[in-house]
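In: have a look; sequence and predicted model below, questions after that.
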Amino acid sequence: MRQLRAEDKVDLVLAPKLALRFYADSRPHVSQTAKLQKGAIIVYDKKELVEEGLGIGVPVCRYRDGTRFSLDADTLVDDSETNPTLVKVYDMNGLASKRFRGAIIERGSCLAYLFKVLEKGYRGLRRSRSGATTVLNILSILGMRNEYLVSHSKGQIAVSYRRNGSDLEIKATLDELSCEGLQSIVFANEQGGVQFDEYEDAAGIKLHDKQIEPWRTTQAEWASLRSRVSGVGFRLRRPSGWLIVRGREVVRNRISWSGLDLLCEGTPQALEYLVEIHGDASH
């Protein structure tokens with residue numbers, strides 16, 4: 001395999017107007033996730049549909065001392081085959097934090113506790129979500145931002161991506177990840193919140209726009225998201241031992257993601273799953 005340079009990108013073409021794009025660095029640099037490494041980005045008719053999402057197949061690790069994202073990665077590609085295999089080795093070295101009017105909110109502070117309460121209401125309790133959303137919108141306008149600081153690495157996660165027709169095969173090895181203090185692992189499968197506004201799953205649940213909660217787990221065997229504007233969608237089946245988490249957040253043009261994240265509360269050594277990508281020929 002050859003290693004990509006930071007300025008390189010690779011497109012896996014699925015159809016005449018549909019492709020999956022991978023960047024060797026943290027592009028596209030959008031809003032609060034600008035510094036974070038991205039996975040597969042859906043491109044339709046030459047337009048990237050990811051907005052502030054992390055892309056498809058991106059690890060996030062929750063530890064007792066904070067949630068780790070990836071700020072750095074090595075990207076390799078084997079393009080000797082008809083269906084190239086791309087491997088991204090994510091370094092879990094970015095610590096999630098919040099900043100208010102330029103100042104970092106310290107863990108354990110009163111302001112941090114307030115945000116935690118609001119987030120719990122926002123993502124968990126239906127009766128308080130409307131009020132919490134309004135407060136978060138106001139705080140965002142006043143200057144509250146998510147930020148990702150360089151931290152000591154919790155290890156590396158190698159993720160391989162391989163196109164199989166219009167599907168994307170994803171395999172991850174997690175044995176190089178530190179298990180000390182590890183609470184859960186999330187694999188983000190996210191694109192843009194403005195774009196992807198229709199949800200459906202195997203349990204018969206159909207949602208659109210604001211009906212899609214910011215963070216709601218399901219044990220449905222499969223779930224899907226679709227863009228009414230472009231007709232593009234993606235679907236994945238739930239791997240054994242994992243939960244699907246549907247989510248969508250669009251906050252005053254400052255936050256915009258929609259996803260089908262995978263959640264595991266244990267410490268798995270590997271993960272394999274398939275993401276079906278489809279486009280509507282009528283668009």
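Out: Right, received. Where do you want to start?

In: give me the neighbour count for the residue nearest to residue 268 when sequence neighbours are not counted.
Out: The shortest distance from residue 268 to any residue other than its chain neighbours is 6.0 Å, reached at residue 174 (CB to CB, 6 or more residues apart in numbering). All C-beta atoms are positioned from the backbone trio N, CA, C, and that covers glycine. Residue 174: 21 surrounding residues under other CB atoms under 10 Å.

In: show me where this protein has helices.
Out: For the chain, applying DSSP state H gives helices covering 110-123, 126-142.

In: who's in contact with residue 270?
Out: The neighbourhood of residue 270, defined by CB atoms under 8 Å, 6 or more residues apart in numbering, consists of 171-175.

In: show me which of those residues are buried.
Out: Buried residues within the contacts of residue 270, counting neighbours by 16 or more other CB atoms under 10 Å: 171-172, 174.

In: for those residues, give me CSV that also has distance to residue 250 and pLDDT.
Out: CSV is the format used below for the buried ones among the contacts of residue 270 (distance: CB to CB, whole Å; pLDDT from 0 to 100):
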residue, distance to residue 250, pLDDT
171, 31, 98
172, 28, 98
174, 31, 96
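
In: what's the closest of these to residue 83?
Out: Nearest to residue 83, judged by CB to CB, of the buried ones among the contacts of residue 270 is residue 171 at 13.9 Å.

In: the closest one against residue 164, yeah?
Out: No. With contact defined as CB atoms under 8 Å, residue 171 does not reach residue 164; the gap is 11.9 Å.

In: I figured the residue nearest to residue 268 hits residue 187, correct?
Out: No. With contact defined as CB under 8 Å, residue 174 does not reach residue 187; the gap is 10.1 Å.

In: spell out which residues are contacts of both of the two.
Out: With contacts taken as CB under 8 Å, 6+ apart, residue 174 and residue 187 have 59, 271 as neighbours in common.

In: check contacts around the closest residue to residue 50 other than its chain neighbours.
Out: Computed as CB to CB, 6+ apart, the closest residue to residue 50 that is not its neighbour in sequence is residue 41, at 4.4 Å. By CB under 8 Å, 6+ apart, the contact set of residue 41 is 20-23, 28, 48-50, 55-56, 191.

In: how about the contacts made by the spatially most central residue of the chain?
Out: Note on the chain: the residue nearest the mean C-alpha position is residue 188, at 3.2 Å, using CA atoms, centre = their mean. Residues in contact with residue 188 (CB under 8 Å, 6+ apart) are 39, 53-60, 259, 261.

In: pick the one among those residues closest to residue 234.
Out: Distances from residue 234 to the contacts of residue 188, taken as CB to CB, are shortest for residue 56 (7.1 Å).

In: hang on, the earlier thing: which residues does the residue nearest to residue 50 bridge with?
Out: Beta bridges link residue 41 to residue 21, judged by DSSP bridges.

In: that one and residue 52, how far apart?
Out: 12 Å (CB to CB, to the nearest Å).

In: tell me how many other residues surround the nearest residue to residue 38 once chain neighbours are set aside.
Out: Distance criterion CB to CB, 6+ apart; nearest residue to residue 38, sequence neighbours excluded, is residue 55 at 4.0 Å. Using other CB under 10 Å, residue 55 is surrounded by 26 other residues.

In: again, but for residue 93
Out: Residues contacting residue 93 under the criterion other CB under 10 Å number 20.

In: show the contacting residues for the nearest residue to it once chain neighbours are set aside.
Out: Spatial nearest neighbour of residue 93, chain neighbours left out: residue 153 (4.1 Å); criterion: CB to CB, 6+ apart. The contact partners of residue 153, taken as CB under 8 Å, 6+ apart, are 91-93.
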